[in-house]
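> Need a 3D model of the following:
(one chain, ligands or ions: 1)
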Amino acid sequence: MTCVGILGGGQLARMLALAGAPLGLRFLVLDSAADACAAQFVPQLTADYRDEAALAEFAARVDVATFDFENVPAESAQWLAERVSVHPAPRALAVAQDRLAEKRLFNGLGIGTPAFAAIDDRRGLDAALAEIGAPAILKTRRLGYDGKGQFRLRSAADADAAWAALGAQGEAHGLILEAFVPFEREISIVAVRSRAGEFRTWAPTENWHRDGVLSASLAPATVPPPLADAAVESARRVAEALDYVGVFALELFVVGGRLLANEMAPRVHNSGHWTIEGAVTSQFQNHLRAVLGLPLGDTTALGVSCMLNWIGELPAAQPVLAAPRAYWHDYGKSPRAGRKVGHATLVADSAAALADALSRLGTALGREGQVAPVRAALAAD
Ligand code: AMP
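Below you'll find the predicted structure:
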């Protein structure tokens with residue numbers, strides 16, 4: 001029986017395991033937290049990602065290794081790749097771990113990004129501000145996600161505060177200053193590439209964030225087809241340049257009718273959760289198919305879908321469970337501010353039907369604010 005090893009045992013690993021069950025797969029997760037939520041029904045090794053003895057046991061027990069977490073140390077990924085098949089490859093992981101490397105890759109492939117500059121010290125911040133101007137966002141090159149490791153500068157007068165917040169991390173790992181983009185929309189392309197080089201994408205997804213964390217996704221995104229095609233073409237270039245195997249997400253801003261790439265996530269992605277019920281084959285199952293060298297499944301959307309993220313705590317399940325074509329996901333995590341603890345997906349045959357279903361659910365859950373931007377996008381389309 002094939003065993004898939006997953007570095008990281010969070011909700012992504014949990015949903016990978018759920019999607020892998022019909023394929024007859026076994027799983028093993030490696031996570032430093034003893035209470036990783038995938039471990040509620042997948043065996044877990046609890047150890048630091050740098051623990052060589054644990055990595056050796058992991059490698060001995062799995063047929064292929066993949067990630068639910070991109071910040072696994074590059075050396076650990078490389079160590080494993082010398083012993084077992086690892087997808088995506090450590091090189092792709094290394095590029096996606098570094099905001100500077102990924103933006104340089106995008107630009108090298110002709111994919112536009114917000115203006116950016118690398119920063120190593122306090123004087124570098126002043127130089128970068130002089131070059132890029134304000135408003136701008138200072139970000140750590142590594143280990144940032146969900147808006148963590150970021151500081152927004154309204155003007156150059158905020159430079160001291162920005163350095164106080166992130167300077168120590170900057171001296172350790174480097175920083176990047178990006179022009180603040182007054183975007184009209186945020187979209188993502190969730191894509192999959194097989195070992196044989198076959199490339200597929202799901203419908204472009206429109207995303208809304210709150211405090212840097214994904215709050216809601218809508219698929220297909222309400223963008224004109226030429227823009228959607230250009231976004232898919234960018235994702236294809238990235239996948240081919242990295243000889244990527246598995247699922248990844250490319251996040252893009254839409255501004256003035258143009259696309260600017262923000263970042264890529266080298267794994268299944270929160271903005272692809274709607275594919276579990278809203279597409280013929282989910283991102284989770286296609287990731288497993290890709291890393292195992294199996295044929296990819298059809299990524300066609302089954303209608304119009306909206307995913308609502310539950311951050312911090314779950315709302316009442318009852319209104320979701322009672323609604324038609326609504327799907328409830330509880331990750332089995334304890335509540336904590338800012339933590340992703342679950343999501344729900346609504347699927348409908350038309351934008352109008354989805355807008356109605358969202359309106360009813362938003363009211364029933366007391367979450368009108370969370371569904372409002374999605375309803376507005378559907379109404380404007
Ligand atoms: P990130 O961790 O880079 O994905 O950033 C989290 C969120 O912050 C993004 O989804 C955007 O909503 C916002 N953001 C990040 N970078 C920029 C930028 N250069 N301009 C405007 N908003 C940004």
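> The helix or strand of the chain with the lowest mean pLDDT vs the ligand: in contact?
Lowest mean confidence among the helices and strands of the chain (mean pLDDT, DSSP states H and E): helix 159-173, at a mean of 88. No. With CB under 6 Å from any ligand atom as the criterion, the ligand is not reached by helix 159-173; the gap is at least 13.3 Å. Placement of C-beta: from N, CA and C, glycine included.
> In space, not sequence, find me the middle residue of the chain.
residue 269 (3.4 Å; CA atoms, centre = their mean).
> Surely that one touches residue 191?
No. Contact criterion CB atoms under 8 Å: residue 269 and residue 191 do not qualify, at 9.8 Å.
> Now do residue 211, the pLDDT please.
On the pLDDT scale, residue 211 is placed at 88.
> how close does the closest residue to residue 256 other than its chain neighbours get to residue 82?
Among residues not flanking residue 256 along the chain, residue 184 sits closest, at 7.8 Å (CB to CB, 6 or more residues apart in numbering). Counting by CB to CB, to the nearest Å, the gap from residue 184 to residue 82 is 46 Å.
> residues of stretch 367-379 that come out buried?
367, 370, 371, 373, 374, 375, 377, 378 (16 or more other CB atoms under 10 Å).
> List just the nearest of these to the ligand.
Nearest to the ligand, judged by CB to the nearest ligand atom, of the buried residues of stretch 367-379 is residue 373 at 12.2 Å.
> Tell me which helix or strand the closest one sits in.
helix 368-380 (DSSP states H and E).
> So which elements touch that helix?
strand 205-210, strand 213-219, strand 304-311, helix 351-365 (3 or more CB pairs under 8 Å, 6 or more residues apart in numbering; DSSP states H and E).
> where exactly do the helices run in the chain?
11-20, 52-61, 74-81, 90-97, 99-108, 122-132, 159-173, 225-241, 275-278, 283-292, 318-322, 351-365, 368-380 (DSSP state H).
> In terms of mean pLDDT, which of those ranks lowest?
Between the helices of the chain, the lowest average pLDDT goes to helix 159-173, which shows a mean of 88.
> could you redo the helices of the chain as CSV and give each row distance to residue 214?
Below are the helices of the chain laid out as CSV (distance: least, CB to CB, whole Å):
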stretch, distance to residue 214
helix 11-20, 12
helix 52-61, 29
helix 74-81, 25
helix 90-97, 17
helix 99-108, 18
helix 122-132, 26
helix 159-173, 22
helix 225-241, 17
helix 275-278, 15
helix 283-292, 14
helix 318-322, 18
helix 351-365, 16
helix 368-380, 11
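> follow-up on the earlier one: quick one: is the helix holding residue 373 near the ligand?
No. Helix 368-380 lies out of reach of the ligand by CB under 6 Å from any ligand atom, never closer than 12.2 Å.
> Please could you give me each C-alpha atom of that helix, formatted as PDB?
Coordinates of each C-alpha in helix 368-380 appear next as PDB, following Å, rounded to 0.1, in the frame of the first residue of the first chain:
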ATOM      1  CA  GLU A 368     -23.400  39.700   6.700                       C
ATOM      2  CA  GLY A 369     -20.100  41.600   6.600                       C
ATOM      3  CA  GLN A 370     -18.200  38.500   5.500                       C
ATOM      4  CA  VAL A 371     -20.500  37.700   2.600                       C
ATOM      5  CA  ALA A 372     -21.100  41.300   1.500                       C
ATOM      6  CA  PRO A 373     -18.100  41.800  -0.800                       C
ATOM      7  CA  VAL A 374     -18.800  38.500  -2.500                       C
ATOM      8  CA  ARG A 375     -22.400  39.500  -3.100                       C
ATOM      9  CA  ALA A 376     -21.300  42.900  -4.400                       C
ATOM     10  CA  ALA A 377     -18.900  41.200  -6.900                       C
ATOM     11  CA  LEU A 378     -21.600  38.900  -8.100                       C
ATOM     12  CA  ALA A 379     -24.100  41.700  -8.400                       C
ATOM     13  CA  ALA A 380     -21.600  43.900 -10.400                       C
END
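> what angle do that helix and helix 351-365 make?
170 degrees (axes from the mean of the first three to the mean of the last three CA atoms, to 10 degrees).
> ok so, going back, compare the helices and strands packed on helix 368-380 and give me the one nearest residue 244.
Closest approach to residue 244 among those (CB to CB): strand 205-210, 18.6 Å.
> Pairing partners for that closest one, with directions?
strand 185-193 (antiparallel), strand 213-219 (antiparallel) (DSSP bridges).
> would you put the C-alpha positions of the first one in CSV?
The C-alpha atoms that make up strand 185-193 are tabulated as CSV, following Å, rounded to 0.1, in the frame of the first residue of the first chain:
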residue,chain,number,x,y,z
ARG,A,185,-9.4,42.7,-7.1
GLU,A,186,-7.2,39.9,-5.8
ILE,A,187,-7.3,36.7,-7.7
SER,A,188,-5.5,33.4,-7.6
ILE,A,189,-4.8,30.7,-10.0
VAL,A,190,-4.7,27.3,-8.4
ALA,A,191,-2.8,25.0,-10.8
VAL,A,192,-1.5,21.5,-11.0
ARG,A,193,1.3,20.0,-13.0
